[in-house]
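1. this is the structure alone, sequence omitted:
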Ligand code: ADP
Ligand code: MG
């Protein structure tokens, strides 16, 4: 070999060694990054642990907080609001009833025809209307006049002459999903607006009377028979079909629950008498908190950066608005500390970019190479598996905590099989207990639903769980309100 040839060979060897060293270095570095990512995953998983022991503590905490919230106003983070609904529809209602559902940028008007015993809902019509932007921050009069005029048009369109007496006052259920201080089943004072509304002169007024005045002005002979929150509508609808229904839970964008309580257990309202001996309590359970809830640094950061920090703690761990963002925070931190995403990490820094349905799509990706995850986030198969794992941890924790919340309600009313005066057993026969569950997270995210159902059985035990039915319910905020109008009709 000549000098030149030798020199080239040495040069090549040096370059090869250098490349090998770089590759080895990268592999070591990438192994180190990977190890860090796996460590972070394990830490997160431990932080989210929901052992059966932990779930039982949450069950007890829920029942204790319910007691406290019923003992005095402000006694608990659970507000335990009286709804004054003490008679739920049971299928015997008859006639034509209307409902108005106002809870966001759209409102719905409905008409329901009920056939009485056995024949159930004969027909129902619904119409959606957007609320003009300027009315959302205008005057109370303009807003309610608009709603009343729209309602009148609907009534005239739908009136097919089937209603017996033309001059008879029509009855309306009004679902108003904003914070209200209820005074009776058909009246309540608006505490504050949320969800983009700021019709300031309505705050402090009875919204049912505002609507009735507007209806009279519009020439509509109609009265508000029931003013309700949407969760109560869901309970009413499910109870209409199944009289064993004792509670309703919504798990969608947000979360809430209501249930039927014995009036003598509501200490903050002593002397409250109802014909049924029970009344529906709106728990506002999104605000539930207990030190037994498994909270991680990601939950704390999410809360700190939210506009309502220190509020709605339970909701922030279990509802659709937040689950995607918890997962995003974990993945983003992995991207920063372990650098496993490369350029894909950029988007992960944006709050709420990772919506819960997207997370569900990745979580439920059953293709062996996780195609859906690749489409959404990354080329690297191992990283894709890691992402699915993160989604699973977040969702499993949420579903199991929601299950513990539900069992907490059952415990409070003696339907959890644990015995006691009001226990679910009369003369040795367990009582069938139905809980209505509504909302997109439970209805459409099958892994969430399975984890929740499974956890309820795990906490209650197979035998007791046989008598507990979790029933997916339709959104009852409209029809449920019309049914309540029927139950409270003065006709
Ligand atoms: P809302 O709570 O606003 O009344 P829904 O009950 O329909 O509305 O719930 C919608 C929420 O449910 C969405 O914000 C989303 O978080 C969640 N969701 C809907 N579909 C899915 C899905 N396929 N997978 C996971 N979450 C879903
Ligand atoms: Mg809803």
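-> That came through, no problem. Source: prediction; values computed, not measured. Ligands and ions are numbered 1, 2, ... in the order given.
2. which residues of this protein lie near ligand 1?
-> Where the chain comes near ligand 1, counting by C-beta under 6 Å from any ligand atom, the residues are 252-254, 320, 356-357, 360, 439-441, 444-445. C-beta: built from backbone N, CA, C; applies to glycine.
3. can you add secondary structure and give these back as TSV?
-> TSV is the format used below for those (DSSP: H, G, I helix; E, B strand; the rest coil):
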residue	secondary structure
252	coil
253	coil
254	coil
320	helix
356	helix
357	helix
360	helix
439	coil
440	helix
441	helix
444	helix
445	coil
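4. give me the buried subset of those residues.
-> The neighbour count (16 or more other C-beta atoms under 10 Å) marks 252, 254, 320, 356, 360, 439-441, 445 as buried among those.
5. tell me the two of these that are most distant?
-> The most widely separated members of those are 254 and 360, with 17.1 Å between them, by C-beta to C-beta.
6. residue 137: neighbour count?
-> 13 (other C-beta atoms under 10 Å).
7. number the chain from 469, please
-> All set: I'll call the first residue 469, so the last point we hit is now residue 605.
8. state the distance from the spatially closest residue to it that is not a sequence neighbour to ligand 1.
-> What sits nearest to residue 605 in space, not counting adjacent residues and going by C-beta to C-beta, 6 or more residues apart in numbering, is residue 666, at 4.6 Å. From residue 666 over to ligand 1 the distance is 20 Å, taken as C-beta to the nearest ligand atom, to the nearest Å.
9. SS state for residue 666?
-> Residue 666 - assigned by three-state DSSP - is coil.
10. again, but for residue 715
-> Strictly by three-state DSSP, residue 715 counts as strand.
11. in what helix or strand does the nearest residue to it once chain neighbours are set aside lie?
-> Among residues not flanking residue 715 along the chain, residue 727 sits closest, at 3.7 Å (C-beta to C-beta, 6+ apart). Assignment of secondary structure by DSSP states H and E places residue 727 within strand 723-730.
12. just checking: what are the partner strands of that strand?
-> strand 713-719 (antiparallel), strand 746-750 (antiparallel) (DSSP bridges).
13. next, the buried residues of it.
-> 723-729.
14. also stretch 838-853?
-> Buried, per 16+ other C-beta under 10 Å, within stretch 838-853: 838, 840-842, 844-846, 848, 851-852.
15. between the residues you listed, which is closest to residue 615?
-> Closest approach to residue 615 among these (C-beta to C-beta): residue 844, at 40.7 Å.
16. I'd guessed that closest one sits against residue 826; true?
-> Yes. Using C-beta atoms under 8 Å, residue 844 makes contact with residue 826 at a distance of 6.3 Å.
17. could you list the low-pLDDT ranges of the stretch 819-959 of the chain?
-> Counting by pLDDT under 70, the stretch 819-959 of the chain contains low-confidence ranges at 888-897, 959.
18. give me the three-state assignment for residue 695.
-> When classified by three-state DSSP, residue 695 comes out as strand.
19. beta partners for it?
-> In beta-bridge terms (that is, DSSP bridges), residue 695 pairs with residue 642.
20. who touches it in this structure?
-> 642, 644, 648, 650, 653-656, 675-676 (C-beta atoms under 8 Å, 6 or more residues apart in numbering).
21. which SS class is the spatially closest residue to residue 676 that is not a sequence neighbour?
-> The shortest distance from residue 676 to any non-neighbouring residue, by C-beta to C-beta, 6+ apart, is to residue 692 (4.2 Å). Classification of residue 692 by three-state DSSP places it in strand.
22. confidence score at the closest residue to ligand 1 within the stretch 619-768 of the chain?
-> Of all residues in the stretch 619-768 of the chain, the one sitting closest to ligand 1 is residue 720 (2.4 Å; C-beta to the nearest ligand atom). pLDDT, residue 720: 93.
23. isn't the residue nearest to residue 605 up against residue 607?
-> No. Because the distance of 11.1 Å does not satisfy C-beta under 8 Å, residue 666 is recorded as not touching residue 607.
24. from the residues of the chain next to ligand 1, which two are the most distant?
-> 722 and 828 (17.1 Å).
25. which ones are touching residue 874?
-> So residue 874 contacts 715, 717, 725, 903, 920, 924, 938 (C-beta under 8 Å, 6+ apart).
26. secondary structure of it: a helix, I assume?
-> Yes. Counting by three-state DSSP, residue 874 is part of a helix.
27. any idea how many residues pack against the residue nearest to residue 605?
-> Residue 666 has 12 nearby residues by other C-beta under 10 Å.
28. quick check on it: phi, psi?
-> Main-chain dihedrals, residue 666, degrees, to the nearest 10: phi -150, psi 60.
29. quick one: it and residue 766, what's the gap?
-> 32 Å (C-beta to C-beta, to the nearest Å).
30. endpoint to endpoint, stretch 582-594 covers what distance?
-> The straight-line separation of the ends of stretch 582-594 (C-alpha to C-alpha, to the nearest Å) is 15 Å.
31. of the contacts of residue 695 - the most surrounded one?
-> That'd be residue 656 among the contacts of residue 695, by other C-beta under 10 Å, with 27 neighbours.
32. low pLDDT regions in the stretch 619-768 of the chain?
-> 628-635.
33. which stretches of it form helices?
-> With DSSP state H, counting those that start in this stretch as the definition, the stretch 619-768 of the chain shows helices at residue ranges 675-685, 698-709, 765-772.
34. if we can go back for a sec, how many residues are close by the residue nearest to residue 676?
-> 27.
35. got the contact list for it?
-> Contacts of residue 692 (C-beta under 8 Å, 6+ apart): 640-642, 654-655, 676, 679-680.
36. looks to me like residue 902 is in a strand.
-> Yes. Assessed by three-state DSSP, residue 902 belongs to a strand.
37. please name the bridge partners of it.
-> With DSSP bridges as the rule, residue 902 is bridged to residue 713, residue 937.
38. wait, isn't residue 582 in contact with residue 588?
-> Yes. Using C-beta under 8 Å, residue 582 is in contact with residue 588, at 7.4 Å.
39. compare neighbour counts for these two and give me the winner.
-> The neighbour comparison of residue 582 against residue 588 (other C-beta under 10 Å) goes to residue 582, with 22 against 12.
40. the more buried one: what secondary structure?
-> Assignment for residue 582 (three-state DSSP): strand.
41. any idea how far it lies from residue 949?
-> Taken as C-beta to C-beta, the span from residue 582 to residue 949 is 13 Å.
42. same question, residue 671
-> The spacing between residue 671 and residue 949, counted by C-beta to C-beta, is 22 Å.
43. repeat that for residue 777.
-> Counting by C-beta to C-beta - residue 777 and residue 949 are separated by 33 Å.
44. so between those two, which is more surrounded?
-> residue 949 (34 against 13).
45. just checking, what packs against whatever helix or strand the more buried one lives in?
-> Assigned by DSSP H and E, residue 949 falls within helix 947-955. Judged by 3 or more C-beta pairs under 8 Å, 6 or more residues apart in numbering; DSSP states H and E, helix 947-955 is in contact with strand 562-570, strand 574-583, strand 589-598, strand 638-644, strand 690-696, helix 698-709.
46. just the angle for it relative to helix 698-709, thanks.
-> Orientation check (axes from the mean of the first three to the mean of the last three C-alpha atoms, to 10 degrees): helix 947-955 against helix 698-709 gives 70 degrees.
47. now the terminal residues of stretch 833-847, how far apart.
-> End residues of stretch 833-847 are separated by 15 Å (C-alpha to C-alpha).
48. now swap in stretch 938-945 and tell me
-> In stretch 938-945, first residue to last residue: 19 Å (C-alpha to C-alpha).
49. nearest residue to residue 813 other than its sequence neighbours?
-> residue 803 (3.6 Å).
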